[in-house]
Structures are given as C-alpha cells and as structure tokens.
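**Q** With the input below, show me the fold.
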Amino acid sequence: ANKGEDEASLSQTAGILKNINCNITADHLHRKVAMTNVMVLDKDGTPITMPALHDTGALPHSFVSLNTVRKLNLQKKVKVARASQQTAAKGGKLHCIGTVPLQLQFGELVWEHEFLVAPTHMELIFGDALMSNLGTVIDRC
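**A** Below you'll find the model as predicted:
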C-alpha cells in the first residue's frame, strides 16, 4: 500500500465507525499508528467521541486511562483489582487499578467490553481480544 492509500484508510475510520468490520491501517514506515475515533457512552448514556489506539501488542487486554474514566463519570463502576500487566516493551509493566465495563457505540449498535484501568497517556487502547471480537483488520504496511 502506498502513503495515499494509508491516509485514505485512516481517514475512512475517523468518526463513528459505520460498521464493525472495518479496516484500520498502520503505516510503520511513515510512523503512523492505527487509531480511530470511537463513541463511548458516559454514565448517563451520552455518547462522547474519544480517540482509540489499536494495539496488537496489548495481548489480549484493552485499556482505559483513569482520566477517561473520570471524564465519563464511571469511577463508581471500577472494580478495584490492582495488578501489573506485561507490555510489549522490553521488561515493561503497566500497573492497573482495576477493570471497568465501557459501552462503545458503532452507529446504532452498542458494544460492551471490559477494560483495564491504567495510567496511560491514551484515552483508550484496544487490545487484540476486543479487535478480534469487533472483526477489526489491521493492514500492516
């Protein structure tokens, strides 16, 4: 795939995903990452657009930042279970606070998935299990 195709694929996934079987393009040569904006429902069921990183190295877990949990006003839904998760980085660990169910909205479809709450810089990180359940395909350029 060339750079123009990569940009087209990424721009097609921006905003609310229109269907679950979407293609996400990651361009390692040009240092692009596989990201898209998704709608996440807050405590009151109001959809909020947030960026999500599609991380095939996050085996199999998906992560949400503590700041995002606060932004969605879902602190009371967090099940505290402190644990460390190995990361793809050599010897890296991510210290998790617990888990929280998040509702993702794709058009008319609402999909619930359990996320690990961790001090990440990204609002959402989709791991392999979630991407597999959603039928996401990442085109590795």
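
**Q** CA only for contacts and neighbour counts going forward, please
**A** Noted.

**Q** got the contact list for Lys43?
**A** Contact analysis of Lys43 by CA atoms under 8 Å, 6 or more residues apart in numbering lists Leu72, Asn73, Leu74.

**Q** What residues sit buried inside the helix or strand hosting Phe115?
**A** Phe115 belongs to strand 109-118 when assigned by DSSP states H and E. Judged by neighbour count using 16 or more other CA atoms under 10 Å, the buried positions of strand 109-118 are Phe115, Leu116, Val117, Ala118.

**Q** partners of it, with directions?
**A** strand 63-65 (parallel), strand 93-106 (antiparallel) (DSSP bridges).

**Q** Could you tell me the average pLDDT over the helix or strand following it, please?
**A** Following strand 109-118 in sequence order, the next helix or strand is strand 124-126 (DSSP H and E). For strand 124-126, the mean per-residue pLDDT is 89.

**Q** Report the buried residues of strand 124-126.
**A** For strand 124-126, the neighbour count (16+ other CA under 10 Å) marks Leu124, Ile125, Phe126 as buried.

**Q** and the strands paired with strand 109-118, which one is worst for confidence?
**A** Lowest mean pLDDT within the strands paired with strand 109-118: strand 93-106, a mean of 89.

**Q** shaky segments in this protein?
**A** For the chain, residues meeting the criterion pLDDT under 70 lie at 1-33, 56-59, 86-92, 136-141.

**Q** Show me the helices in it, by range?
**A** Listed in chain order, the helices of the chain (DSSP state H) span residues 3-13, 66-71, 128-134.

**Q** So which elements touch the shortest one?
**A** Pointing back at helix 66-71 there. Secondary-structure packing of helix 66-71 (3 or more CA pairs under 8 Å, 6 or more residues apart in numbering; DSSP states H and E): strand 109-118.
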